[in-house]
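Colleague: Predicted structure and sequence below. I'll ask about it afterward.
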Amino acid sequence: MSDKQLAMYNRLLCAANASLINTLSPERVGNALVSLGITLEGCSRDDVLAPLASKASTYYPSVLSRAQVRELGVVFAGLDSSKIRRLDPTSFAGLSRIALRAMSNDSILAMSSSQLDNLPMGASMAVYERFGRDFDWGRIPAANTTINNNTEINSNLTFNENSNVNYKLTNNITNVNSNLTVHGNTNVNFNFTVNGNTTATGAEAYTDEACHPLLDS
């Protein structure tokens, strides 16, 4: 398959799987991204976007520029959240609305406040579409974040569909002075004090018995 043929496949790649995409060279994927980054909206993140993003990561330099993020298009959504977290904040000015819509909650929440601040208007609106107008830029912890020593969170805090302790609030007392919403599996260790509304959906594991009444508040 030539580079031109790969680009012509466009949305037909949505029916492909990771095994097929893994047979493509990084150069071939990189040369086709100008087209694929626009047309693959709606394709499977795991089966299509993630393997393409892996190939693109080899094709591009380790530090992505704004232009390269723009060229990746929706394929950007296939990048691992740990890699997204390490990207230069200025490169996020190239992130498109369709790319952000295709990202997982984990990947969005892994972004730093400076990365979020650099999002263009379209991508920022996609964040609001996902999390609502009360999304608090820079205050929602990223995956595997540990909050220590009497930390106060004075706004809405949302934990979204994360499995196996991707969010951890540990050590001493953490005060949340507003709404707390928990979706998925969340482990809370030590004392957790909520001064506001609390709702929980999914499997929550608490190591301190004093935490359990909060689920009914």
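Modeller: All right, it came through fine.
Colleague: Would you map out the domains in the protein?
Modeller: What automatic domain parsing lists as the domains of the chain is 3-131, 146-216.
Colleague: outside of stretch 81-89, which residues touch it?
Modeller: Under the criterion C-beta atoms under 8 Å, 6 or more residues apart in numbering, residues 57, 63-64, 69, 104, 106-107, 110-112, 114-115, 117-118, 142-143 lie in contact with stretch 81-89. C-beta: built from backbone N, CA, C; applies to glycine.
Colleague: now with 10 Å?
Modeller: Defining contact as C-beta atoms under 10 Å, 6 or more residues apart in numbering, one finds that stretch 81-89 is touched by 53-54, 57, 62-66, 69, 76-77, 79-80, 92, 95, 103-119, 142-144, 166.
Colleague: Among those residues, name the buried ones.
Modeller: Buried members of the contacts of stretch 81-89, counted by 16 or more other C-beta atoms under 10 Å: 53-54, 57, 64-66, 69, 76-77, 79, 92, 95, 103-112, 115-116, 118-119, 142-143, 166.
Colleague: Which stretches in this structure count as helices?
Modeller: Under the criterion DSSP state H, the chain contains helices at 3-9, 18-21, 26-39, 50-59, 66-72, 81-86, 97-102, 105-109, 113-117, 121-131.
Colleague: same question for the third one, mean pLDDT?
Modeller: Per-residue confidence for helix 26-39 averages out to 83 on the pLDDT scale.
Colleague: Packing partners of that helix?
Modeller: helix 3-9, helix 50-59, helix 66-72, helix 97-102 (3 or more C-beta pairs under 10 Å, 6 or more residues apart in numbering; DSSP states H and E).
Colleague: Now that helix: buried residues?
Modeller: Neighbour-count burial for helix 26-39, with 16+ other C-beta under 10 Å as criterion, is recorded at 28-33, 35-37, 39.
Colleague: just the second one next, same as before
Modeller: Taking 16+ other C-beta under 10 Å as the neighbour-count basis, helix 18-21 is seen to contain the buried residues Ile21.
Colleague: Which strands and helices lie in contact with that helix?
Modeller: helix 50-59.
Colleague: what's the model's confidence in the helix it packs on, averaged?
Modeller: 92.
Colleague: how far off helix 26-39 does it point, in degrees?
Modeller: Per axes from the mean of the first three to the mean of the last three C-alpha atoms, to 10 degrees, the angle that helix 50-59 makes with helix 26-39 is 130 degrees.
Colleague: and helix 50-59, C-alpha only, in PDB?
Modeller: What follows is helix 50-59, C-alpha atoms only, in PDB (Å, rounded to 0.1, in the frame of the first residue of the first chain):
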ATOM      1  CA  ALA A  50      -4.000   4.400  19.700                       C
ATOM      2  CA  PRO A  51      -2.000   2.300  17.200                       C
ATOM      3  CA  LEU A  52      -1.800   5.200  14.800                       C
ATOM      4  CA  ALA A  53      -0.700   7.500  17.500                       C
ATOM      5  CA  SER A  54       2.000   5.100  18.500                       C
ATOM      6  CA  LYS A  55       3.300   5.100  14.900                       C
ATOM      7  CA  ALA A  56       3.100   8.900  14.800                       C
ATOM      8  CA  SER A  57       5.100   9.100  18.000                       C
ATOM      9  CA  THR A  58       7.900   7.300  16.300                       C
ATOM     10  CA  TYR A  59       7.600   9.500  13.200                       C
END
